[in-house]
Each structure stands twice: as structure tokens, then as C-alpha cells.
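A.B. asks: Need the 3D shape of this:
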Amino acid sequence: MIAPDVLATPLGTNHLLARPGAGRLHLLDPPAALLWEWHAAGLDATALAARLSQGVGLDPATAQAQVDDLLAVLDAAGLLAAPAGWSLRLADRVVRLDLAAADWAADLVPWLGHLRLDPAHPGDADQALTLSGTGDDWRLEGTGLPPRQGTTRDAAQVAVLQALVDAVCQPAERLLVVHGAGLIAPDGGGWLLVAPSGGGKTTLAAALDAAGFGLLSDDVVPVTPAGDLLGFGLPLCLKAGSWPVLRTCRPDLDAAAVIERHGQPVRFLPARHPAGGRRVAPTRLVLSHYRPGSTASLEPVSPELALQGLLAARTVLGTLTQDWLDALARWLERVPAYRLSYPDLASALTVLGGQATESAPGLGAARPYLDTATAWT
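C.D. replies: Below you'll find the model as predicted:
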């Protein structure tokens, strides 16, 4: 990435570069000048080498060596900027995200800006990710994670969010990784909303977040060996079917950009009450079932049925040992579990509000803003 204050101008067939106040001039010959222009346009070292190899017929190894040599010279001359790097607090981990092109930062700030630690934050990160390349040819790599690559900006943004989740949800370090939504009730207790994919849990979590609940996560919730729920603080991922349902409580929804995710249009919307980095003891596990035409109900279920619901929702188990099995059984026995059936969002909120009158008095006050009875998928 080019340093922001570099001065550059053509000189014949060459390129003349300087840094203000440095007292030195740098003259690039035509091949180096062309590589400079491509690099300034956002191509990283790998993409530069590929274009050089294709353009002049060099073998890939020679082209890569020449590009690396040139970038090393430019870097030593102070003409290149360090990659944009963020240290992000996610759950109980610090993840370093390096962005090779400056425009990636503009894409991701609305979703991740509130998770950034001070640049002077001491200590090493637990995980590191690097997004390199451009919007039509990018690559995402991270320690211990499979590399991802693609050809659209939407896919790159989605890949970054997924990689951040994967970095935190290492099953060997967790009791469980629950496919569900995690919330913090106004009394400070943790709620887990568990449902299979497409079961409406994100829509319900978004409505509760708008009503004053803190949002730990809308899709995956890591559970520590001690049984606590951890918060990411990542944005809500809202599918098109939920947009009309949530407009009454999130009027800012229509202003969010539409992103393609796994072939479907979605909007990523920052939570009203993000709880990134929070750790909370669970006080309620809700097995959520959206059933059009049904009567809304909330009924207690046994630990055995709670376990069945977790497994049906593709919960990932931790390392199977006797200690883990004992910890799981104790966790299931101490967390009250309920089965929620509902035909629409309004009735779900009413039932949950009735059940949580003492622990969540703010929910009832918010119901006038959540009175839509539209169904969603």
C-alpha cells in the first residue's frame, strides 16, 4: 500500500517519486513505474506478480521475485505504508485484522469499528487475519483457518465476518458452540434463542435488541467451559424476509446496504445494544419454533429435551471427555429451558414479555413499536 503523502509525477518514460521533507528523489524506470501504478491501484504483491508474468511472459517465480525486490526497495525508501491493522475485541479473544488495501477499511468500519481496541493496546493477538488483493481478486488468510478467496467485494466482507466468528468458535476451547442467538436481559441474565437455520431467531433477536436487550450474537454463541455465554458484538445479518417485519422497530434498516451472502440478499445492521466482549451466565434457554397459524405459547421443557433441541440446531460439541460430559450435564440441569411456539413476531414478544415480567420490564414498554404481525421466513 502506498504511503499517503508520497509525491509522484511522470518524467519522460520514467516516474519520479519523493516524500515531503525527506530530501531525496526516487526515479523508477518504465517497468518499475508500471508496477508502481498497479500497486497504487490496489494490487498486492501476488496480484502484481501474476500480472507481470502474464504481461511479459516471465515465469511466475521470477515475476514474484522481481515484485518482492521492488517492494522491498520502495519500503526501505519509506514510500510504502504499513498495512491498515485493527486489533478487535471479540468475545474473550483479541483478533488482529490486517487490510492490505485502504478501501477495505471503509467497507468494514460500520460493522467492526466499535470493536477496535486502541492502537497502543499492549500484548499479542490471539488470532491474526489478513485481507489482501482487490475487490475483484481478494484472498483472506488466518492462522489455523482455511484460506478464502473470491472475486466480489460482498463476498470479501462476508468472509471477514465469518472468519472472525471461526477464530473465536474453536470447539476445543468451548463447552459448546451453539447455533443460536445470545442476548443479555435487562436484569443482566443471559438468554439463548435456539432454532435451526431459517427459523426466525435472528428476527426475534433483533426485535429484543431494539427493545433494550443486549445482543451477544445473532447466529453463533460460544459457551465457555464454565458455562458462560460470550458476546461477539458483530452486526445482525438480516435476510430479506425479515426486513418488512423489523421496519417498525429499526427504521434505519432501509438505509443499510444490501449485500449478497451465499446467493441471498442480506443487510448487515449494527445492533442497538451490542455486547461484544461480554461474558454472561445463562438464565434462560429458549427453543424457538416459528409455526404459522399456531397459538403462541412458552412451556418449560426438561434438560433432555433442551439437549435434543441444541443438537437439532447443529450445536457444535466441545472435546468429548468425562469432565466435558459432566460439565455439559450440570449446565443443562441448571439453565431453565423453554419451548417457544409462535405464529408471528408480535405474539412471540408478548409471550416472552409475559414470562419475563420481573427480569425484563422494559420489554412490555417497547411492544407498541413491535406490533407488526407479519410472518417471516
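
A.B. asks: what about the residue lying closest to Val168 once chain neighbours are set aside, how many residues close to it?
C.D. replies: Of all residues not flanking Val168 in the chain, Ala91 sits nearest, at 4.7 Å (Cβ to Cβ, 6 or more residues apart in numbering). C-betas here are computed from N, CA, C, even on glycine. Counted with other Cβ atoms under 10 Å, residues neighbouring Ala91 total 27.

A.B. asks: what sits against Ala91?
C.D. replies: Going by Cβ atoms under 8 Å, 6 or more residues apart in numbering, Ala91 touches Val168, Pro222, Leu230, Gly231, Phe232, Gly276, Gly277, Arg279.

A.B. asks: same thing with Ser302?
C.D. replies: Ala337.

A.B. asks: Looking at it now. What's its pLDDT?
C.D. replies: On pLDDT, Ser302 comes in at 97.

A.B. asks: Kindly report the same for Ala82.
C.D. replies: For Ala82, pLDDT reads 57.

A.B. asks: Relative to the helix or strand hosting Val178, what are the paired strands and their orientations?
C.D. replies: In this structure, Val178 sits in strand 176-184 according to DSSP states H and E. Within its sheet, strand 176-184 is paired with strand 190-194 (antiparallel), strand 214-217 (antiparallel), strand 220-223 (antiparallel), strand 316-317 (antiparallel), according to DSSP bridges.

A.B. asks: Quick one: closest of the ones you listed to Thr134.
C.D. replies: Nearest to Thr134 among the strands paired with strand 176-184 is strand 220-223; the distance by Cβ to Cβ comes to 29.2 Å.

A.B. asks: Please identify the deepest-packed of the strands paired with strand 176-184.
C.D. replies: strand 214-217 (a mean of 29; mean count of other Cβ atoms under 10 Å).

A.B. asks: show me where the protein has helices.
C.D. replies: Assigned by DSSP state H, the chain shows helices spanning 30-40, 45-56, 60-76, 102-112, 153-168, 201-210, 243-246, 303-312, 322-334, 345-355, 361-366.

A.B. asks: Identify the residue nearest the residue positioned nearest the centre of the chain in space, chain neighbours excluded?
C.D. replies: Central residue of the chain (Cα atoms, centre = their mean): Leu161, 2.9 Å from the mean position. Once flanking residues are discounted, Leu161 sits nearest to Leu234: 6.1 Å by Cβ to Cβ, 6+ apart.

A.B. asks: Just give the number of residues close to the closest residue to Cys249 other than its chain neighbours.
C.D. replies: Nearest residue to Cys249, sequence neighbours excluded (Cβ to Cβ, 6+ apart): Ala210, at 3.9 Å. The number of residues packed near Ala210 is 19, by other Cβ under 10 Å.

A.B. asks: returning to what we had before: take the strands paired with strand 176-184 and lay them out in CSV including mean pLDDT.
C.D. replies: Putting the strands paired with strand 176-184 into CSV (pLDDT from 0 to 100) gives the following:
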stretch, mean pLDDT
strand 190-194, 96
strand 214-217, 94
strand 220-223, 94
strand 316-317, 92
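
A.B. asks: possible to save those strands as JSON lines with distance to Pro303?
C.D. replies: Output for the strands paired with strand 176-184, formatted as JSON lines (distance: least, Cβ to Cβ, whole Å):
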{"stretch": "strand 190-194", "distance to Pro303": "14"}
{"stretch": "strand 214-217", "distance to Pro303": "22"}
{"stretch": "strand 220-223", "distance to Pro303": "15"}
{"stretch": "strand 316-317", "distance to Pro303": "16"}
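
A.B. asks: so which of those strands gets nearest Trp38?
C.D. replies: strand 220-223 (38.6 Å).

A.B. asks: Please write out the alpha-carbon positions of the closest one in PDB.
C.D. replies: C-alpha atoms of strand 220-223 as PDB (Å, rounded to 0.1, in the frame of the first residue of the first chain):
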ATOM      1  CA  VAL A 220     -23.500 -18.500  16.900                       C
ATOM      2  CA  VAL A 221     -22.800 -18.300  20.600                       C
ATOM      3  CA  PRO A 222     -19.700 -19.800  22.200                       C
ATOM      4  CA  VAL A 223     -20.200 -21.200  25.700                       C
END
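
A.B. asks: contact partners of it?
C.D. replies: By Cβ under 8 Å, 6+ apart, strand 220-223 touches 91, 165, 168-169, 174-182, 192, 229-230, 232, 282, 331.

A.B. asks: can you do 6 Å?
C.D. replies: 91, 165, 168-169, 174-178, 180, 182, 229-230 (Cβ atoms under 6 Å, 6 or more residues apart in numbering).

A.B. asks: so what are the domain limits for this structure?
C.D. replies: 7-76, 84-168, 172-370 (automatic domain parsing).

A.B. asks: Roughly how far does Leu11 sit from Leu17?
C.D. replies: 10 Å (Cβ to Cβ, to the nearest Å).

A.B. asks: of the two, who's got more company?
C.D. replies: Leu17 (22 against 12).

A.B. asks: My read is that that one contacts Ala8, right?
C.D. replies: Yes: counting by Cβ atoms under 6 Å, Ala8 is a contact partner of Leu17 at 5.2 Å.

A.B. asks: re earlier: let me have the helices of the chain in TSV, extended by distance to Ser294.
C.D. replies: What follows is the helices of the chain, written out as TSV (distance: least, Cβ to Cβ, whole Å):
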stretch	distance to Ser294
helix 30-40	59
helix 45-56	54
helix 60-76	61
helix 102-112	35
helix 153-168	32
helix 201-210	15
helix 243-246	17
helix 303-312	17
helix 322-334	26
helix 345-355	9
helix 361-366	21
